[in-house]
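J.: can't give you the sequence, but here's the structure:
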């Protein structure tokens, strides 16, 4: 293991992807079980995500799911990657994280994103529109104010006020500047857009203002990592998600994950085939040696302090095997044993 890998934190993001022939409830229980395995393997954090009205994703209520994960684990940090702040009132978000931190002190992270609903219909159901994302910086200020007790309304967020729940900004586009101005740690991805990611990190570091939350810039890079016994097996781990994304971009619906062999038998249009092929590229996938080399290159290029890994595929056992191989590779297993 290289020195770069040894001094870098590795964490897990799970989106509670549904699988063809299985229920949403099974996907949520899989997330909880994966969190328990991630803790056993020594990963630093386990985060869950927020998606509304997406057939292929069961994770619609991240703070509720984070509570289930925290209740089923003992030591791993638990959080959201993230709560999409434009979808919610900051007071309610502060209250939810205040409850989580009160129940599981010292283990809760508050990852915040600026996306709104996936479709026009979802946005209408949420009572939001795309313009709400433009107020993200002000929404973060209001949210953090509830923890500091500085709201001018005379209302107090209980039990959040006075608690310290580390906030993180999921940064795409303007998010890097918002994270820098607020003096917050930044999560940036994905690994496929390396040039865009590098520019975002440079902007974040150059514009960073120290705050009560962070004395200096803290960068987490996020992306898909798949580790297997050989390169072809690792590539096949990417197949179900690549097909699902291609289907979503051509047909407007995001389907449950199919087994790799079923995907390879599926008839696709030329456009779907093009998007599917593109979806298989740009990720970090291969044997342990190949993944180590790729991760080392990312860390050397970005100077990131942490990597947030996500791996979505149909085969649950293959997902667990990938994380076990990754943990062995980056040394989290040895850290967990100490």
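T.: Sure, I can see it. Just so you know, these numbers come straight off a predicted model, no measurement behind them.
J.: if I look at residue 164, how far off is residue 67?
T.: Distance of residue 164 to residue 67, given as Cβ to Cβ, to the nearest Å: 18 Å. Glycine gets a C-beta too; all of them are placed from N, C-alpha and C.
J.: do the same with residue 143
T.: From residue 143 to residue 67 the distance is 19 Å (Cβ to Cβ).
J.: quick one: which of the two has more around it?
T.: residue 143 (25 against 18; other Cβ atoms under 10 Å).
J.: could you give the mean pLDDT of the host helix or strand of the more buried one?
T.: Applying DSSP states H and E as the criterion places residue 143 in helix 136-148. Mean per-residue pLDDT for helix 136-148: 92.
J.: Next SSE downstream of that helix?
T.: Following helix 136-148 in sequence, per DSSP H and E, is strand 167-171.
J.: what residues does that next one touch?
T.: 79, 81-82, 109-114, 140, 143-144, 175, 178-179, 182, 184-188, 200, 204, 213, 220 (Cβ atoms under 8 Å, 6 or more residues apart in numbering).
J.: Check which helices and strands the helix or strand just after it sits against.
T.: Once the chain leaves strand 167-171, the next helix or strand it forms, by DSSP H and E, is helix 175-182. Contacting helix 175-182 under the criterion 3 or more Cβ pairs under 8 Å, 6 or more residues apart in numbering; DSSP states H and E are the following elements: helix 136-148, strand 167-171, strand 186-188, helix 194-207.
J.: tell me how far helix 175-182 is from the chain's mean position?
T.: 18 Å (Cα atoms, centre = their mean, to the nearest Å).
J.: Equivalent analysis for stretch 5-18, please.
T.: The answer for stretch 5-18 is 8 Å, by Cα atoms, centre = their mean.
J.: how long is it end to end?
T.: Using Cα to Cα, to the nearest Å, one end of stretch 5-18 lies 31 Å from the other.
J.: buried stuff in that stretch?
T.: 5, 8-18 (16 or more other Cβ atoms under 10 Å).
J.: export those to a markdown table and tack on secondary structure?
T.: Converted to a markdown table, the buried residues of stretch 5-18 look like this (DSSP: H, G, I helix; E, B strand; the rest coil):
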| residue | secondary structure |
| --- | --- |
| 5 | helix |
| 8 | coil |
| 9 | strand |
| 10 | strand |
| 11 | strand |
| 12 | strand |
| 13 | strand |
| 14 | strand |
| 15 | coil |
| 16 | coil |
| 17 | strand |
| 18 | coil |
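J.: Kindly reformat these as a markdown table containing pLDDT and distance to residue 255.
T.: Shown next, in a markdown table, are those (pLDDT from 0 to 100; distance: Cβ to Cβ, whole Å):
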| residue | pLDDT | distance to residue 255 |
| --- | --- | --- |
| 5 | 92 | 35 |
| 8 | 95 | 34 |
| 9 | 96 | 33 |
| 10 | 97 | 30 |
| 11 | 98 | 27 |
| 12 | 98 | 24 |
| 13 | 97 | 21 |
| 14 | 96 | 18 |
| 15 | 94 | 14 |
| 16 | 96 | 15 |
| 17 | 95 | 10 |
| 18 | 95 | 9 |
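J.: Provide a list of residue ranges in the protein with pLDDT below threshold.
T.: For the chain, the stretches flagged by pLDDT under 70 are 1-2, 117-121, 123, 126-134, 173, 333-338.
J.: downstream neighbour of the strand ranked longest in it in the secondary structure list?
T.: Ranked by residue count under DSSP state E, the longest strand found in the chain is strand 219-227. The helix or strand immediately downstream of strand 219-227 is helix 231-251, counting by DSSP H and E.
J.: how about the helices of the stretch 1-150 of the chain, start to end?
T.: 3-6, 24-41, 62-72, 90-103, 120-126, 136-148 (DSSP state H, counting those that start in this stretch).
J.: which ones are touching residue 302?
T.: 197-198, 201, 219, 221.
J.: of those residues, buried ones?
T.: 197, 201, 219, 221.
J.: closest to residue 23 among those?
T.: Set against residue 23, the nearest of the buried ones among the contacts of residue 302 by Cβ to Cβ is residue 221 (32.8 Å).
J.: what about the spatially closest residue to the closest one that is not a sequence neighbour, neighbour count?
T.: In space, and not counting its chain neighbours, residue 221 is closest to residue 304: 4.4 Å by Cβ to Cβ, 6 or more residues apart in numbering. Neighbourhood size, residue 304 [other Cβ under 10 Å]: 23.
J.: And residue 259, by the same measure?
T.: 17.
J.: Tell me who's in contact with the residue nearest to it when sequence neighbours are not counted.
T.: Leaving aside its sequence neighbours, residue 259 sits nearest to residue 314 (Cβ to Cβ, 6+ apart; 4.7 Å). Residues in contact with residue 314 (Cβ under 8 Å, 6+ apart) are 19-20, 240, 257-260.
J.: surely residue 151 meets residue 144?
T.: No - taking contacts as Cβ atoms under 8 Å, residue 151 lies outside contact range of residue 144: 10.3 Å.
J.: okay, which residue of this protein is out on the far edge from center?
T.: residue 154 (34.4 Å; Cα atoms, centre = their mean).
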